[in-house]
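Chemist: heads up, no residue letters with this:
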């Protein structure tokens, strides 16, 4: 089994993925969802966070162009970006959701220069909006975005369209589909519940 499978298994083991079909979670975007993935928990598990960093490094090594800088999305992408930057011996920055209201009023923390190639690290992709905002901030600073890498994606059509419109590529280590398959395999959800959860995504 590859890193994708191991990480999906790890997320389930630490209860980073929660299923609540009778009482939906509410995302920041307002979308109601029967499943929630909290990848912040991975910071507390050295084995899992190390595998996540290794998986990101594998994805980066397969890119046509290599990055000059690794960028983390605040806040959940920051620790993973730091680990990846350390493994690749590359500079790192992180991008705030909005500029600070004091000091230098930075939105990008760390040093970024024009024309530098940047890979953006995110913890998960739901609608894709926050990742695209981070990429746009970096573009505004003159960076070239090679792509966005995430631990997990829900695989929503809305997100796919948003990335296409923004002319950005996005790749995730594991996905909603893989998690559902494992939950069904383990008997945590029935085939009928798996189908219902698959239909939910089509309805979003």
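Modeler: Perfect, I can see it now. Just so you know, these numbers come straight off a predicted model, no measurement behind them. Numbering: from 1, shown residues only.
Chemist: going forward, measure contacts and count neighbours with C-alpha atoms only.
Modeler: Will do.
Chemist: low-confidence ranges, this structure, go.
Modeler: 1, 100-104 (pLDDT under 70).
Chemist: how about the strands in it?
Modeler: 17-19, 25-26, 32-33, 35-37, 69-73, 92-95, 108-109, 117-125, 144-153, 170-175 (DSSP state E).
Chemist: how far off centre is the third one?
Modeler: How far strand 32-33 lies from its chain's middle: 18 Å, per Cα atoms, centre = their mean, to the nearest Å.
Chemist: that strand pairs with which strands?
Modeler: strand 25-26 (antiparallel) (DSSP bridges).
Chemist: what does the strand it pairs with rub up against?
Modeler: By Cα atoms under 8 Å, 6 or more residues apart in numbering, the residues outside strand 25-26 that reach it are 32-36.
Chemist: repeat the analysis, applying 6 Å as the threshold.
Modeler: 32-33 (Cα atoms under 6 Å, 6 or more residues apart in numbering).
Chemist: same question for stretch 10-19.
Modeler: 34-39.
Chemist: for residue 68, see how far away the residue nearest to residue 88 when sequence neighbours are not counted is.
Modeler: Using Cα to Cα, 6 or more residues apart in numbering and skipping the chain neighbours, the partner closest in space to residue 88 is residue 57 (7.5 Å). Look at residue 57 and residue 68: by Cα to Cα, to the nearest Å, they are 13 Å apart.
Chemist: ok, residue 162 next?
Modeler: Residue 162 is 25 Å from residue 68, by Cα to Cα.
Chemist: what of residue 165?
Modeler: 25 Å.
Chemist: most tightly packed of the strands of the chain?
Modeler: Of the strands of the chain, the one with the most neighbours on average (mean count of other Cα atoms under 10 Å) is strand 69-73, at a mean of 28.
Chemist: look at residue 165 and residue 68 and report which has more neighbours.
Modeler: residue 68 (21 against 9; other Cα atoms under 10 Å).
Chemist: show me what contacts that one?
Modeler: 116-117.
Chemist: can I get the strands of the chain in a markdown table including distance to residue 2?
Modeler: Formatted as a markdown table, the strands of the chain follow (distance: least, Cα to Cα, whole Å):
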| stretch | distance to residue 2 |
| --- | --- |
| strand 17-19 | 19 |
| strand 25-26 | 30 |
| strand 32-33 | 28 |
| strand 35-37 | 20 |
| strand 69-73 | 24 |
| strand 92-95 | 27 |
| strand 108-109 | 34 |
| strand 117-125 | 19 |
| strand 144-153 | 14 |
| strand 170-175 | 10 |
